[in-house]
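Trainee: Build me a model from this:
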Amino acid sequence: MPPTDVDRAVEAAELDAVPRRASDEIERVTSESSTASTSSSESAERPHHQGATTAPITTNLSRVPTQRDLARHETELSRIHTARSQHSATVGRDTKSIRSAKSRKPLPSFGGGKPYPPLLPNQEDYVVEFDGPDDPLHALNWPMKKKVLTAAILGFTTMTAAFGSSIFSAATVAVGNEYHVSSEVSLLGVSLYVLGFATGPTFWAPLSELKGRRLPLVASMFGFSIFSVANATAKDLQTILITRFFAGFFGACPLAVVAAVFSDTFDNRTRGIAVTVFSMTVFTGPLLAPFIGGFIIENQSLGWRWTSYIVSFMGFLSFGLNLIFLRETYPPAILVKKASELRRRTLNWGIHAKQEEIELDLRELVSKNFSRPMRLLFTEPIVMLLSIYMAFIYGLLYLFLTAYPFVFQGVHRMSPGIGGLTFFGMIVGQLLAGLAILLQQPWYMRKLSANNGIAVPEWRLPPVIAGGVAFSGGIFWFGWSGYRADIHWIVPTLSGILTGFGLASIFLQSLNYLVDAYLMFAASAIAANTFLRSLAGAGFPLFAKYMFDGMGIQWASTLLGCVAAVMVPIPIIFYLYGHKIRAKSSYAPDYPDAQRASAPLPEDEEGVAGSSSMEEEKGALGTAANGSAPRLSRDARSAV
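Mentor: Got it, this is the predicted structure:
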């Protein structure tokens, strides 16, 4: 299904947001005033009451500092484009459809016997901006100490949410015994939590775009803690399952928003490191919980309810840290606060931020946060196949919560607490994967520099290929060394190094590949991926017991290892032919010049076929989007 008009509008806005040469921007700013044109066209559309006067709209090109510092400050230009794309891509920004819907109704009278007032001066003159590239209000300019403190708090917050997903696995036997239900029913406490991970981002992600990052993080951790306490004090099974789902729903916020906070705070040189560390907390959290939950269950004075009490304590600590120390990082939300202060202190009610012009549209909310991700999932081969691959890997992460007890508690007769310590093999493997990816950053930056700053998404895939081979080998190793008691327990434990390395390598770089490949639709691609993999994470633990009981540890692991091996060619195919697949995509129109010659253009962009350069193609795409692409402000100092 081709993208809708809303998709094309956002696409054009993002294309316009790609940094250009400073000299080109200066030429554009001095040759036209798109802001004045926009204001004039909007003025023409506004109905005039009889007797109303029209204030002249003037264009003040003298405000443009032609050769001041634009040619030297690429950071400023980049932030200008970033601000425009963030604003135009925000949920609720498609006000054109809202205006057209309202225009069908007759204009109400002004009231009080008053005529309509004269039109205001140019609206852009009252829009607050950041004060150049070094504005201390912008999160990118925070001191490194403040950035590290923010990253540490959010890392702990994310680990708390991930930790809560698996600690309940140690309590399933006790819950089943207390309420006289099967292990599959008690395992729903894990599955429903992960199902909350699948549904939560559809609410928290758009909220973070509308109201900033701090509000959803603080509110979600409070709700997460409340439902964790409710789970610990529940009097019946249905309450336990319901509270686990809502704990997962609220706990999904850090997984959806923290990476965006890091993108607000860290630049291109350090963002990769920050996001890698964040991803490590996502995947190590579920593996740290089983041994802690196991020792809690073994303690007769505590009982299974303390697995939820511990999570609630961590949640309240995260809530307190975020409430006290976390500051807003989302640039549009920072400007909203700045505008509010200026209005209060100057008594000029016209001062506002761009974000305050947004009206929430339910239809657009559905389109951006449900319809488009589903269209990407079912129509884009890259998104579909990578999401299936990652869903399988993510499902196995939670299936291991059942498989490891079969080996170490069933075969080697370890206690739940001691048996949970064997997950440290996988944790070590994940840490090694994160270290390997960080060590590859200089190589990636050299490739990027040699290619004139144009990123080729397929550069992300070699670690995915290596990780796929390691993951498959680790599963075979685990199965054929863990089904016999005469094989030392350290042997299957060490298999976790390969599975952990493969899991982290596949996830970290596959997510980066999706972001690089889909650019303006990266959030939708990630949302589709998160939805599918969370469903797998919720479903896999439910059949794990039957699978390992019926087939045996060695043959169940062989089946899973074979499926993992069959999926290894997926990233290889994309590494070799990914540029051709993206060339035929309606959602990934940007290609490096080196690939453009051999890559056919998308079928729905035939008007671009005659373009001889990337800039001409982007201009054509902007025209195709009904002129909705944002233009540079008359005042080039309006930098984000």
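Trainee: number of nearby residues for Q300?
Mentor: 6 (other CB atoms under 10 Å). From N, CA and C alone the C-beta is placed, and that goes for glycine too.
Trainee: Check I418 too.
Mentor: I418 has 17 neighbours, counted by other CB under 10 Å.
Trainee: got the contact list for the helix or strand that contains it?
Mentor: Per DSSP states H and E: I418 is located in helix 416-420. Helix 416-420 has contacts (CB atoms under 8 Å, 6 or more residues apart in numbering) with 170, 290-295, 297-298, 404-405, 408-409, 412.
Trainee: Tell me how many other residues surround F227.
Mentor: For F227, using other CB under 10 Å, the count is 26.
Trainee: tell me which element it is part of?
Mentor: helix 214-232.
Trainee: Ok, P136 next?
Mentor: With DSSP H and E as the test, P136 turns up in no helix or strand.
Trainee: Find the nearest non-adjacent residue to it, please.
Mentor: Closest residue to P136 apart from its sequence neighbours, by CB to CB, 6 or more residues apart in numbering: W142 at 7.6 Å.
Trainee: picking that back up, go through the helix or strand following the helix holding F227 and flag the buried ones.
Mentor: For helix 214-232, the following helix or strand on the C-terminal side (DSSP H and E) is helix 237-265. Applying a neighbour-count criterion of 16 or more other CB atoms under 10 Å, one finds 237, 240-265 buried in helix 237-265.
Trainee: Tell me where this protein has strands.
Mentor: Secondary structure of the chain (DSSP state E): strands located at 130-131, 638-639.
Trainee: Mind telling me which of the ones you listed the model trusts least?
Mentor: Ranked by mean pLDDT, the strands of the chain bottom out at strand 638-639, which scores a mean of 28.
Trainee: Give the PyMOL command for selecting the buried subset of the contacts of helix 416-420.
Mentor: The buried residues among these can be selected in PyMOL (16+ other CB under 10 Å) with this line:
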select buried, resi 170+290+291+292+293+294+295+297+404+405+408+409+412
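Trainee: Widest-spaced pair of the contacts of helix 416-420?
Mentor: Put simply, by CB to CB the two of the contacts of helix 416-420 set farthest apart are I292 and H412, 19.7 Å from each other.
Trainee: which sections of the stretch 451-600 of the chain are below the confidence cut-off?
Mentor: The model of the stretch 451-600 of the chain has pLDDT under 70 over residues 520, 523, 589-600.
Trainee: Against I573, how distant is the closest residue in space to M390 that isn't next to it in sequence?
Mentor: Of all residues not flanking M390 in the chain, R533 sits nearest, at 5.1 Å (CB to CB, 6+ apart). Relative to I573, R533 is positioned 20 Å away (CB to CB, to the nearest Å).
Trainee: residues touching the residue lying closest to I572 once chain neighbours are set aside, list them.
Mentor: Counting by CB to CB, 6+ apart, I465 is the residue found nearest to I572 once chain neighbours are left out, at 5.7 Å. If you count contacts by CB under 8 Å, 6+ apart, I465 has them with 568, 571-572, 575.
Trainee: Neighbour count added to these, as JSON lines?
Mentor: Listed next are these as JSON lines, based on neighbours: other CB atoms under 10 Å:
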{"residue": "V568", "neighbour count": "19"}
{"residue": "P571", "neighbour count": "27"}
{"residue": "I572", "neighbour count": "14"}
{"residue": "Y575", "neighbour count": "19"}
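Trainee: Now flag whichever of these is closest to P332.
Mentor: Among the contacts of I465, and counting by CB to CB, the member closest to P332 is P571, at 35.5 Å.
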